[in-house]
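Chemist: What shape does this take:
(2 chains)
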2 protein chains.
Amino acid sequence: MCDHADYTIHGAHHHFGWDRSIPPVQTVAPGTRLHFECLDSSGGQLTPDSKTPDLVNLAFEKINPVTGPIFVEGAEPGDVLKVEIEHFHPSGFGWTANIPGFGLLADQFPDPHLRVWSYDKDSLAPAAFGDMARVPLKPFAGTIGLAPAEAGLHSVVPPRRMGGNLDIRDLAAGTTLYLPVEVSGALFSIGDTHAAQGDGEVCGTAIESPMEVDLKLDLIKGEPLRFPRFTTPGPVTRHLDGKGYEATTGIGPDLMAATRDALSGMIDLIGRQHGLSAEDAYLLCSVCGDLRISEVVDQPNWVVSFYLPRIVFE
Amino acid sequence: MCDHADYTIHGAHHHFGWDRSIPPVQTVAPGTRLHFECLDSSGGQLTPDSKTPDLVNLAFEKINPVTGPIFVEGAEPGDVLKVEIEHFHPSGFGWTANIPGFGLLADQFPDPHLRVWSYDKDSLAPAAFGDMARVPLKPFAGTIGLAPAEAGLHSVVPPRRMGGNLDIRDLAAGTTLYLPVEVSGALFSIGDTHAAQGDGEVCGTAIESPMEVDLKLDLIKGEPLRFPRFTTPGPVTRHLDGKGYEATTGIGPDLMAATRDALSGMIDLIGRQHGLSAEDAYLLCSVCGDLRISEVVDQPNWVVSFYLPRIVFE
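Modeler: Alright, predicted model coming up:
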């Protein structure tokens, strides 16, 4: 799929959870370019024909497979793995769901809800959300990380200091990600590719979409790095921001409560303005709306704002 | 100062804190356009000649004066005040400070630190931060709100559901803000004008700058609104995003701790990359860096990212 990669890592070479004892599928020198096949976060359990009731039968032990791990020669604890994310080859199929028990407003949305997307994988034109909205796409990998030092199997769900399920929308083509190495060889894996997501991933899923990824792995010896960092090559929201934003706020002494209030306000607003059901509004917010901390210093009340790009309704 | 305003509210007509018993300085009909003179958040205590030791002598009872209040005819509890923010007339003078006891990292930055800015009020060209960086400007009002229903004097520092010290960077020219009315007449005031600020206002101050503001006050009867919301007329970060971003992250189960970690990572990074002192890096982050919640659903760990626009160093 990629003329310039030194290795192709097929999707069959995936694992569930992080464990330093998982044998590497490939050993590479720093500076190597690789092509990865990534499964979607359901591991193929959901398809273009899936319906909401299929969510009930999801096998959670098969959730969020990552392709890898890759052993990088010379990588040792205290080093930094430099990941140059070069290109995504999207599949054209995606899904977004409210899965009971997951999501920022899990207590308010107890029922499963699934939307299947079909998008043009070549043009990456904005994808139709039923006849309600059109969402600009920006493919990225939700899960990208290294094995932790601590022995044993660690759930793939929470991100950690060596990365993992970061779900950072801007880990897109052109971005360079720096990850702290905790084990010899770093043991890099990637998966959970998304066609679009807003900052927050508020309902718990993005446009989950199988995809192939080209990237380059390099090594920086002995750079202090407590948590992942990244560099974007240019603007990060221009695919969304052309028509401005509707923004709602949450205000109070608890940052999480303010975050939930900002989102609830937006679900109410687009329900009133555009007639979306609360469930669909929740999903739409997750794939294209952004949580920003407007102020976190005016004691004792903080302001979190939820920004929904108006372009999705135009 | 404004040909089109129906009223000019001079800076002498300011008050400290919110109190429904403060007599209105003007009564206006819905649809009225007003021109406000806003003092800076030090109420004139800091000047272009101020130095760091002057921070020690700040009289806190004079902090954050707001110009007003304006009584809007017909406004009643349960209504929404619609504020069309039209234009800012900046002064060219500003200041940014670490004031001991304030700021997201107050525990790590116990010493006062002041930087005075001089910017071109006509061109609004990026403002020099010493010889270290140049910060694109986008004037807005940090404090914009209404009197609360609860009797008595309420500190101006914390924002509340009827607004106040929101410090939302995008309450700039062209934005329409919607505020819940809690008292008859709404009792609108505005102040705390900023020449630039990042999402978060992390050190506790922005480019604090006296400014005049044109806006229009209108009324929406009986719209449900729990917290303020706003509509931006277009993109909100294009003045900053042209060269992309450096981003640092904080990851963990406590959203506030993750927020602090993301900021600390950026202060360390720009110290290493650009030689800024920690104090100057903290101030620079406050005036142009953005806190975004990357994910808040991958239990139990959340990711907060701090985005610093690279354009400030180019």
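
Chemist: Give me the neighbour count for residue A:19.
Modeler: Around residue A:19 there are 16 other residues, counting by other C-beta atoms under 10 Å in any protein chain shown. Every residue, glycine included, has its C-beta placed from N, CA and C.

Chemist: Is it in contact with residue A:154, as I believe?
Modeler: Yes - between residue A:19 and residue A:154 there is a contact at 6.8 Å, judged by C-beta atoms under 8 Å.

Chemist: Quick check on residue A:242: phi, psi?
Modeler: Backbone torsions of residue A:242, given as degrees, to the nearest 10, read phi -60, psi -30.

Chemist: what ranges do the strands span in the stretch 1-150 of chain A?
Modeler: A:7-9, A:14-15, A:26-28, A:32-38, A:66-72, A:80-90, A:93-98, A:113-118, A:127-129, A:133-135, A:140-146 (DSSP state E, counting those that start in this stretch).

Chemist: For residue B:314, find the nearest of these.
Modeler: For the strands of the stretch 1-150 of chain A, the distance to residue B:314 is smallest for strand A:80-90, at 20.8 Å, taking C-beta to C-beta.

Chemist: Could you name the helices and strands sitting against that closest one?
Modeler: strand A:140-146, strand A:176-180, strand A:186-194, strand A:211-220 (3 or more C-beta pairs under 8 Å, 6 or more residues apart in numbering or on different chains; DSSP states H and E).

Chemist: so which of the ones you listed comes closest to chain B?
Modeler: strand A:140-146 (8.4 Å; C-beta to the nearest C-beta).

Chemist: The closest residue to residue A:295 other than its chain neighbours: neighbour count?
Modeler: Leaving aside its sequence neighbours, residue A:295 sits nearest to residue B:167 (C-beta to C-beta, 6 or more residues apart in numbering or on different chains; 3.7 Å). Number of residues near residue B:167 (other C-beta under 10 Å) recorded here: 28.

Chemist: Over to residue A:55?
Modeler: With other C-beta under 10 Å as criterion, residue A:55 counts 20.

Chemist: Now the strand or helix carrying residue A:260: average pLDDT?
Modeler: Taking DSSP states H and E as the criterion, residue A:260 maps to helix A:255-274. For helix A:255-274, mean pLDDT is 98.

Chemist: Return the list of helices and strands in contact with it.
Modeler: By 3+ C-beta pairs under 8 Å, 6+ apart, helix A:255-274 packs against strand A:245-252, helix A:278-288, strand A:290-295, strand A:302-309, helix B:255-274.

Chemist: How about residues contacting that helix?
Modeler: A:104-105, A:108, A:132-133, A:200, A:202, A:246, A:248-252, A:276-278, A:281-282, A:284-285, A:289, A:291, A:293, A:296, A:302-306, A:308, A:313, B:224, B:226-227, B:229, B:255-256, B:259, B:293, B:296 (C-beta atoms under 8 Å, 6 or more residues apart in numbering or on different chains).

Chemist: Quick check: closest non-adjacent residue to residue A:244.
Modeler: residue B:232 (4.1 Å).

Chemist: wait, what's in contact with the one you found?
Modeler: A:244-245, A:247, B:170, B:172, B:174-175.

Chemist: Likewise for residue A:92?
Modeler: Residue A:92 neighbours (C-beta under 8 Å, 6+ apart): A:118-121.

Chemist: Tell me how far it lies from chain B.
Modeler: 25 Å (C-beta to the nearest C-beta, to the nearest Å).

Chemist: picking up where we left off before, just the contacts of residue A:92 now: which is nearest chain B?
Modeler: residue A:119 (22.1 Å).

Chemist: and the closest residue in space to that closest one that isn't next to it in sequence, what pLDDT?
Modeler: Spatial nearest neighbour of residue A:119, chain neighbours left out: residue A:127 (3.9 Å); criterion: C-beta to C-beta, 6+ apart. Note on residue A:127: pLDDT of 98.

Chemist: For residue A:127, give its distance to chain B.
Modeler: Distance from residue A:127 to chain B, by C-beta to the nearest C-beta: 21 Å.
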